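*Asks:* Would you be able to build a 3D model of this:
(3 chains)
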Amino acid sequence: MKNSKKLLTGPYLFWAIAFIIIPIIMIFFYGLTDADNNFTLMNLAEITTPENLKALGLSLLLSFISTVICLILAYPLAVILSNKNVNQSSFIVLIFILPMWMNFLLRTLAWQTLLEKNGVINAVLSFLHLPELNIINTPYAIVLGMVYNFLPFMVLPIYNVLIKIDKDVINAARDLGANAAQVFTKVILPLSVPGIISGITMVFVPALTTFVISDILGGSKILLIGNVIEQEFTQSYNWHVGSGLSLVLMIFIIFSMALVSKYDKDGEGTAF
Amino acid sequence: MAKKLIDISHISKSYGDNLVLDDLNLFINENRFLTLLGPSGCGKTTLLRILGGFETPDAGNIIFDGVDITNLAPNKRQLNTVFQKYALFTHMTIAENIAFGLKIKGKSKAYINDKIKYALKLVNLDGYENRMADQLSGGQQQRIAIARAIVNEPKVLLLDEPLGALDLKLRQDMQYELIRLKNELGITFVYVTHDQEEALTMSDTIVVMNQGYIQQIGSPEQIYNEPENAFVADFIGESNILPATMVEDKLVKILGVNFPCVDTGFGRNKPVDAVIRPEDIDLVKPGEGLLDGVVTHLIFKGVHYEMEVTANNYEWLVHSTDFFPVGTEVGIKVDPFDIQIMKKPESEDEEAIPIEE
Amino acid sequence: MIKSMIQKMYLGLILLLLYAPIVTLIVLSFNSSKTRSKWGGFSLKWYASLFENADIMNALYTTLIIALLSALISTLIGTAAAIGMQALNNKFRTTMMAITNIPMLNADIVTGISLMLLFIACRAFYPSFSFGFATVLLAHITFNIPYVILSVIPKLKQTNKYTYEAALDLGASPIYAFFKVVFPDIFPGVCSGFLLAFTMSLDDFVITHFTTGAGVHTLSTKIYSEVRKGIKPEMYALSTLLFVTVLFLLIVVNTAPEQNTSNKKLVRKAPSKFSRIANIAFRRVVPALLVLVIVGGGFFYGAQNRASAGEQVVVYNWGEYIDPKVLDMFEEETGINVVYEEFETNESMYPKVQAGAVSYDLVCPSDYMIQRMLENNLLAEINFDNIPNLKYIGQQYLEQSKAFDPENKYSVPYCWGTVGILYNKTMVDEPIDSWSVLWDEKYEDQILMQNSVRDAFGIALKYLGYSLNSTDLDELQAAKELLMEQKPLVQAYVVDQVRDKMISNEAALGVIYSGEAIYTQSENPDLEYVIPKEGSNVWIDSWVIPKNAKNKENAEAFINFLCRPEIAKMNFDYITYSTPNTAARDLIEDDAIRDSTIAFPNDSELSRCETYQYLGTKFDEIYTELWREIKSK
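*Replies:* Presented below is the predicted three-dimensional model:
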């Protein structure tokens, strides 16, 4: 009986090998060979050219800032949501998924309309006699775009961990003399670490590797590592270098996967 | 006379339309083991949570040691709670769990370490300091939850069905542990359970509750032997509850047969309920008892046989160490002091209702 | 309750952040003006034209069908896998979970690229395997399965495993037991997995971007290809409709009459017949109907537009570089189906044609790129017997073409023009006649530069007095430094967006192709175009047929059709780029435009201008490298 159940993993196993494992091996293959299929580390070394290093540095910086902002915004939000009664909160959680039905590119593009010099926000600001906000085509706009697009991926895992905390554990802490602040720092915060870690990786990785947001909100003035890789594939058509740079990126991704598996063993902090 | 420690007066609480506690009054003396007993939904847990400060009553006061604590936050109360599912902090070690309350009070390191050692010894878990909470078995977690509460030296320990999740053997062991603990610590335990055996074994005082009302307060013996109404009689152990008429003082007519009894003061020819515990019925030869019947069912229970005897169209539940095969004609005999007479319930609230579950 | 006030305000602010762009898009969908940043009054016209826009409806169809199929297939595979994994031993299960996490945690770009590499490798074994619907579907299933598995597993863990055994004990077959006992328990997880997969597929851009092929567009890739030149307002209308539908569904499902599952033990009222029916109607029928309408509608439009399979021609053209009506007319007249694909720069077009993952029949590159393609032997000779209308093309343009196509054997001119500065008369205070104005600090943040290597370097080289085909490393170095110096002043590097931004007064100066200048002037009379005195670039975009074209004769028929004067005139009216079709120019009614020096500059202006030449792989790389240095500064 058990054996026939195991067979159910067959299709997925096949699929995973064909479309997850082999493609990753392809990246390694291309990343570690040159145009004549000889082994080389030159493609990896491409990351050390000043331009690429700068793009990587800027990507790391912007995605770090975005992640921090997301965390600061998302945590109180998740706490507020988790205190709502169940029926209402499932509605509110859906509110976060709902924007995804309006295309991600269009949503980002809409920020362009909002942020432009003569855009909606500046129109409102000047109506209120406030100074203009000139952040379009700057790293600030990119950070805004990242925060906007990835905020739900920070809120949902934290929310999911928070609603699983037994109310009696919090009561126990209060019973033992902890005031509101102590309950938070000593019990709620440590217990929500799996969600926080999972949220951080779910924001950091896509922010680190995006090329669309920097394209649309950065006015093509700002080159992130994602843009470099995208151009290697679609414009320079240098797959070997592109794969090599992807491998470098994967180091960061593997690092975050390791982080998740360390702190979130039971998969509590999944977003969905 | 023991000192009155907690005075609960006129407490009401409802959730939406659901009235959970209705104008409840109760006082708890110092150094008692008091049990709140009742079926689920009777309001016992709500009352405990009001004591702990996790719920605020809609009306009424809680006076603790002469001070009104009705609206005091839980962290300011001199009570500690042992929660139903233990509610241990899974992200901390056992030692950190136990030290939690003491650290918040700013006790010295040495003091805390001493207390941890002492508490673990008290609950028979020395050497477990550095384990994580989720590595322990249910019974061990339970003891840690108790240790965590008592190191704070509360005047009252509130326990919310703490043994509910344990298996029978462990539960019995823990019952003795709890009694020992209470005696060693010399503090008041307020214990919530729906298990009447547990209540009878451990308590000094039992408060039987149903549907937000107190049905009876008394010692285990009183509750068992002299139930005040049919609900209590039915809830505490198995009994024969029979409609009867009080002919006069010390004489009750059950199923058309007059039984001598010891109760007085019910008036003449008043309808009452009579309770006869199955182990108080003596089976004798036909004609030698007050009425005759036939054994219709027989089950061996280990200590005794459980039998059903049909007599005067009533199926009497009888526990006896003597063996009477099915079909035997027997006589039923009850000593006068084994018959407990109860008033007929006047209001619906006091009516014995079948217990769900 | 100050605390709850603050909480509500905070919640409100976050919702504002999340929904501001969405409200913006909805508002834009009612904007009668075509440009994003100008309010031209309330209008429903985009909703009307949406349903006539075959491109968008096709993309919608593709998006929905891919989302539906990928969600279905991944739900099947994923649910089976999740159940099977329960039976695996710990070690295997952990390994499988780790593999499952790869597409979830891996960057989209890496997943997309890895799949692209895989599909390209497949071509080595099956040359007929090409990028398109199938590759996108495979990719979407791949990244959807993990969402399903991760939704189902928690439900499986909650399921009491003894109920399954109880069912077996009562004589049920394993399959019957599964569907009657286990499946109802995990059904909510399966549902949410399906919905998540559907949503993720709908919202994906990056992975589709790397795995799609000619003519297959999802809404995402369609939008991305339109980003640079301005989104078609129909797209806003479509998104609004989608969004409102989902919002409506959500509200209906959440506010439907409460099911009588309340835990109150008090009174259990038997649900009245009406409320039961209403409940079923709200929770099941209405959403199901809506989904049916949407999906059915998608199919309907898709089917309509795909009816004419068979003969086809795959065209690869610049964005917004043809009147869509011309395509319809051609299809109607010849019965040949046009698969139309757009590119943004010569540099991004070249590798796609070279790789041959998609075999295009007709491409429209610029002069120097044609030269490069010829040198790399990518082009087929055109059979001019099939193009009698070539006679309408002015002789001087064929002469000019000899610079890159010496015998006029490979190309037919389509559009031509110059590169110059578009400026807003109200925002500059001196006469503009020199590139130097693009380095004037006064105009910091008011300058829009072209986001293409050759144009950017061309400007710098011309400004320095060099040839824009320079291969002198010192000259190039100087140009690079100049461009780096300019970067802080530049508001954005853009391609087609210059148009919209100049119209909406976002910038004072922009480098633009002459063809765009005419359109922008008609929208914003304050704009003026000039070819700077240092000289500039004159370019020709011509039709060429790649060697691997599968429908060469159809391609030639299409070129011939485009050379027809009325058609060329229609195109000119629509795209406003100068036409080399002298017969078409004569058809222009408005003499202001017919004799416009922007559209048709005089010889003295043209004499200052140079045509780009292909400089060889080595200089290509040098230019690209220098450009990246500038960009990453």
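
*Asks:* Going by C-alpha atoms from here, please, whenever you check contacts or count neighbours.
*Replies:* Fine.

*Asks:* part of a strand, is B:His10?
*Replies:* Yes: according to DSSP: H, G, I helix; E, B strand; the rest coil, B:His10 belongs to a strand.

*Asks:* these two touch, right, it and B:Asn25?
*Replies:* Yes: look at B:His10 against B:Asn25 with Cα atoms under 8 Å: they come within range, at 5.4 Å.

*Asks:* Residues in a beta bridge with the residue of the stretch 1-150 of chain B found nearest chain C, which ones?
*Replies:* Nearest to chain C, among the residues of the stretch 1-150 of chain B, is B:Asn18, at 7.8 Å (Cα to the nearest Cα). For B:Asn18, the beta-bridge partners are B:Tyr15 (DSSP bridges).

*Asks:* tell me which parts of the stretch 151-300 of chain B are close to chain A?
*Replies:* Contact residues (Cα under 8 Å from any Cα of the partner chain) of the stretch 151-300 of chain B with chain A: B:Asn152.

*Asks:* ok, which stretches of the stretch 151-300 of chain B are strands?
*Replies:* B:156-160, B:188-193, B:205-210, B:213-218, B:240-248, B:251-254, B:257-260, B:270-276, B:281-284, B:291-300 (DSSP state E, counting those that start in this stretch).

*Asks:* what does the stretch 301-450 of chain C give?
*Replies:* C:312-318, C:337-343, C:362-363, C:379-380, C:412-424, C:447-450.

*Asks:* Check those strands for me: which has the lowest mean pLDDT.
*Replies:* Across the strands of the stretch 301-450 of chain C, strand C:337-343 has the smallest mean pLDDT, namely a mean of 84.

*Asks:* That one pairs with which strands?
*Replies:* Short version: by DSSP bridges, strand C:337-343 pairs with strand C:312-318 (parallel).

*Asks:* who touches the strand it pairs with?
*Replies:* Strand C:312-318 has contacts (Cα atoms under 8 Å, 6 or more residues apart in numbering or on different chains) with C:214-215, C:336-345, C:359-365, C:551, C:554-555.

*Asks:* Taking the stretch 501-633 of chain C, what residue is nearest to chain B?
*Replies:* C:Ser632 (45.2 Å).

*Asks:* Can you list the low-confidence ranges for chain B?
*Replies:* Applying pLDDT under 70 to chain B flags residues B:1-2, B:345-357.

*Asks:* By neighbour count, which bits of whatever helix or strand C:Ala98 lives in are buried? Give me those.
*Replies:* Using DSSP states H and E, C:Ala98 falls within helix C:90-105. Buried positions in helix C:90-105, judged by neighbour count with 16 or more other Cα atoms under 10 Å in any protein chain shown: C:93, C:96-97, C:99-105.

*Asks:* now swap in stretch B:103-123 and tell me
*Replies:* B:103, B:112, B:115-117, B:119-120, B:122-123.

*Asks:* In helices, which of these fall?
*Replies:* Secondary structure assignment by DSSP state H places B:103, B:112, B:115-117, B:119-120, B:122 of the buried residues of stretch B:103-123 in helices.

*Asks:* which residue does the stretch 151-300 of chain B bring closest to chain A?
*Replies:* Nearest residue of the stretch 151-300 of chain B to chain A: B:Asn152, at 7.6 Å (Cα to the nearest Cα).

*Asks:* For that residue, give me its contacts.
*Replies:* Neighbour list for B:Asn152: A:176, B:80, B:101-102 [criterion: Cα under 8 Å, 6+ apart].

*Asks:* which SS class is the spatially most central residue of chain A?
*Replies:* By Cα atoms, centre = their mean, chain A has its centre lying nearest to A:Val203, at 2.1 Å. Under three-state DSSP, A:Val203 falls in the helix class.

*Asks:* Test my guess that it contacts A:Tyr148.
*Replies:* No: at 10.6 Å, A:Val203 does not count as touching A:Tyr148 under the criterion of Cα under 8 Å.

*Asks:* How about C:Val216: what's its closest non-neighbour residue?
*Replies:* Distances taken as Cα to Cα, 6 or more residues apart in numbering or on different chains place C:Gly132 nearest to C:Val216, at 5.7 Å, with adjacent residues excluded.

*Asks:* Beta-bridge partners for the nearest residue to C:Ala599 once chain neighbours are set aside, please?
*Replies:* With sequence-adjacent residues excluded and distances taken as Cα to Cα, 6+ apart, C:Ala599 is closest to C:Ser578, at 5.1 Å. Note on C:Ser578: beta-bridge partners by DSSP bridges are C:Trp416.

*Asks:* Enumerate every residue touching C:Ser578.
*Replies:* By Cα under 8 Å, 6+ apart, C:Ser578 lies in contact with C:415-417, C:514-515, C:572, C:599-600.

*Asks:* Show me the shaky parts of the stretch 501-633 of chain C.
*Replies:* Filtered on pLDDT under 70, the stretch 501-633 of chain C yields no residues whatsoever.

*Asks:* could you pull out the strands for it?
*Replies:* Counting by DSSP E, counting those that start in this stretch, the strands of the stretch 501-633 of chain C are C:509-513, C:527-530, C:538-543, C:545-546.

*Asks:* Those: which one's closest to chain A?
*Replies:* Among these, strand C:509-513 sits nearest to chain A (Cα to the nearest Cα), with 13.4 Å.

*Asks:* Name the single longest helix found in chain A.
*Replies:* Secondary structure of chain A read by DSSP H shows that its longest helix is helix A:50-83.

*Asks:* buried ones in it?
*Replies:* A:51-56, A:58-60, A:62-71, A:73-82.

*Asks:* is it anywhere near chain C?
*Replies:* Yes: with Cα under 8 Å from any Cα as the criterion, chain C is reached by helix A:50-83 at A:51-52, A:54-55, A:77, A:80.

*Asks:* Equivalent analysis for stretch B:197-210, please.
*Replies:* No: residues of stretch B:197-210 are not located near chain C by Cα under 8 Å from any Cα, the shortest gap being 14.5 Å.

*Asks:* in that stretch, what counts as buried?
*Replies:* B:198-200, B:202-210.

*Asks:* Pull the CA coordinates from that stretch and hand them back as PDB.
*Replies:* Listed next in PDB are the C-alpha coordinates belonging to stretch B:197-210 (Å, rounded to 0.1, in the frame of the first residue of the first chain):
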ATOM      1  CA  GLU B 197     -12.900  11.300  40.200                       C
ATOM      2  CA  GLU B 198      -9.900  13.700  40.000                       C
ATOM      3  CA  ALA B 199     -12.000  16.200  41.900                       C
ATOM      4  CA  LEU B 200     -12.900  13.700  44.600                       C
ATOM      5  CA  THR B 201      -9.300  12.500  45.000                       C
ATOM      6  CA  MET B 202      -7.600  15.800  45.300                       C
ATOM      7  CA  SER B 203      -9.800  18.500  46.700                       C
ATOM      8  CA  ASP B 204     -10.500  19.900  50.100                       C
ATOM      9  CA  THR B 205     -13.500  21.700  48.600                       C
ATOM     10  CA  ILE B 206     -15.400  21.000  45.400                       C
ATOM     11  CA  VAL B 207     -17.600  23.600  43.700                       C
ATOM     12  CA  VAL B 208     -19.900  21.900  41.200                       C
ATOM     13  CA  MET B 209     -21.000  24.200  38.400                       C
ATOM     14  CA  ASN B 210     -23.500  23.900  35.600                       C
END
